[in-house]
Structure formats: C-alpha cells, structure tokens
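Novice: Below: sequence and its predicted model.
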Amino acid sequence: MPKVVPLPTRALGAEPGAPDPAALATWVADHRGAKADLHAYQLDCSLAPQLASGITFPCAGGLFCQDRIRECLIGLNAEMEAAVEEIHVETRALAEDAARLAAEKKGIWCALPAPSSLGIADRYYRDNEEWCAAMTNAYRTMMRAMRDAGVSGHVLICTTVDDQEVASLAGKKAFFFAPEPRGTALETLMEYQREIAVSPKMLETAIDLANQYEVNRWIIVDPDKEAIRLVLSHADADQVTGGGYCTEECGSYWEQIVKKAAYIM
C-alpha cells in the first residue's frame, strides 16, 4: 500500500511587509522592557508563522534586515547609502536580535541580505576587491556576534550573486540563496556550496549542472509533486528538503510548505 513520506522543511527567510499600526502598537505594549522596535517586530512576524506551522528548520529575517545592518555599519554617509570612510561594525543591536530569536527557538537561523544586496555604494575604497573585502569582513564580524548570541547560522539572500562574496563567506554557517538566479548565478553557488536551493522552474537546469558540481543536498523552494519526483530520480530521499521563502501573506504559506513537502513510497 502506498505510503506518504514527509520531507524535512527549511525556511530561507520571509518578508513580512509593512506592519499594521494597531498590531504593532499591541506588540510593543506586550514587549515593554525589551528592545521593541520595528525591526524586532518584523523579525517576530517573519518567525511566528513558521513555528506555528511546524517548519523543521526555521529561519527568521529576510531582505528587510538591511536597515538593521546599515545601522550597524560605521563609515556610511548620513543617508546610509554610501561608504565614505573605512568600514567598521557595531554589533550590539544584532546581538540583541539574535539573543531574542534564540530564546524563541533553539538552533534558529537568521536570513540577511547578502552584502551586495544592500545596494551601498563605495565612495571611499575606490577598488572593487578592497571594497568587497571590507564588506565581507564586516559581515563575518556581524554573523559571528549573532552566533555568539545564540543564532546557529545565516542565510544570505542574493538579489544578484557576487562571486567574491560567495567565495569569501559561504560555509557551514552561511548559506547563499538566490530567489531569482540569473546568468551564471547557479554555477557560482554550486561551485562554493554543496547544497542548493532552487524553485521547481530551475530544477532541470540545476540537475544538469550537478554533473559538474558536487551537490549533497537539494532544497526545493515551494515544492510540488513533480519537482520532488524529479529530484528523487537523481538524489536519495535523505538529500532532499522542502524549502520556503515567503514574500507575501505568510499565515498559510508555511502550512502549505509542510503539506507539500512529501512523496509517495
């Protein structure tokens, strides 16, 4: 008799959007005595539906964390859109965010925009390699501070994939994810990472590339039956995970990820 076998599920971040003023006011009142700012509220909104839906490996945060990162970067101009001095980092706010998330869920990951996804211009170093080194060093410091405060690792979300960034930062505790990979983005990610997160529409391309690169884990973003069947024809079941990256209303989104991340044996 056929048996439905669930796959583990992994979140790659979420974008909660503009907050409802009444809900935000209530949340702030409920969190008196803590660092209850807008960013903390958005982190909570990104995580809560994942926990309620039973996501195996939850991940708070998303591209919206760019404002927090800009606040922590020393050396930007007043508008926080360009580097005008040597880059340094103040990690206190990020460490507080991490401690709060770790208190919600042990082993939690946090999603941040990749350095190049911040859109910060270089008006100080005037050299691409030096600028990339400055930003990746800053990210190492920030991510280390967050791990020290209880976060287990980071998903770095790429609007574009930068080879130098991936080569410098990718590792067991930092996973690069490109929601809309273009050009040679998948090749770059697969060159430096042994796991890949792709949507069903990109699966055939990724599977073809797997002949050139070693892939130990497949994360199917927004999985469906056909995508799962296709991956299982090329990989063992213990190498496959259902993934999600919520960019709209997340209440039912994560429930659907859990529901659809399964196969018939």
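Specialist: Yep, that arrived. What you see is a predicted model, and the numbers here were worked out from it, not measured in a lab. Residues are numbered from 1 along each chain as shown.
Novice: Please make it C-alpha for all contacts and neighbour counts, starting now.
Specialist: Fine.
Novice: Could you give the number of residues near residue 183?
Specialist: 9 (other Cα atoms under 10 Å).
Novice: Offset the numbering so it begins at 20, please.
Specialist: With 20 as the first residue, the last one maps to residue 202.
Novice: how about the strands in the chain?
Specialist: 23-25, 28-33, 78-80, 92-95, 101-108, 128-132, 140-141, 172-176, 193-196, 214-217, 236-240, 259-265, 281-283 (DSSP state E).
Novice: Can you add mean pLDDT, distance to residue 227 and mean neighbour count and give the ones you listed back as a markdown table?
Specialist: Formatted as a markdown table, these follow (pLDDT from 0 to 100; distance: least, Cα to Cα, whole Å; neighbours: other Cα atoms under 10 Å):
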| stretch | mean pLDDT | distance to residue 227 | mean neighbour count |
| --- | --- | --- | --- |
| strand 23-25 | 94 | 26 | 13 |
| strand 28-33 | 98 | 23 | 27 |
| strand 78-80 | 98 | 29 | 29 |
| strand 92-95 | 97 | 40 | 19 |
| strand 101-108 | 97 | 39 | 16 |
| strand 128-132 | 99 | 28 | 27 |
| strand 140-141 | 97 | 36 | 16 |
| strand 172-176 | 99 | 23 | 24 |
| strand 193-196 | 99 | 19 | 24 |
| strand 214-217 | 98 | 13 | 23 |
| strand 236-240 | 98 | 13 | 24 |
| strand 259-265 | 98 | 17 | 24 |
| strand 281-283 | 94 | 22 | 17 |
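Novice: Dump these to a markdown table, plus distance to residue 272.
Specialist: Shown next, in a markdown table, are the strands of the chain (distance: least, Cα to Cα, whole Å):
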| stretch | distance to residue 272 |
| --- | --- |
| strand 23-25 | 17 |
| strand 28-33 | 10 |
| strand 78-80 | 14 |
| strand 92-95 | 33 |
| strand 101-108 | 35 |
| strand 128-132 | 17 |
| strand 140-141 | 35 |
| strand 172-176 | 19 |
| strand 193-196 | 19 |
| strand 214-217 | 17 |
| strand 236-240 | 12 |
| strand 259-265 | 7 |
| strand 281-283 | 16 |
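Novice: And stretch 157-171, how far out from the chain middle?
Specialist: 14 Å (Cα atoms, centre = their mean, to the nearest Å).
Novice: what residues does that stretch touch?
Specialist: 92, 106-108, 110, 113-118, 120-121, 125-129, 134, 172-173, 188, 192 (Cα atoms under 8 Å, 6 or more residues apart in numbering).
Novice: how about the strands of the chain, which one is nearest residue 46?
Specialist: strand 78-80 (17.1 Å; Cα to Cα).
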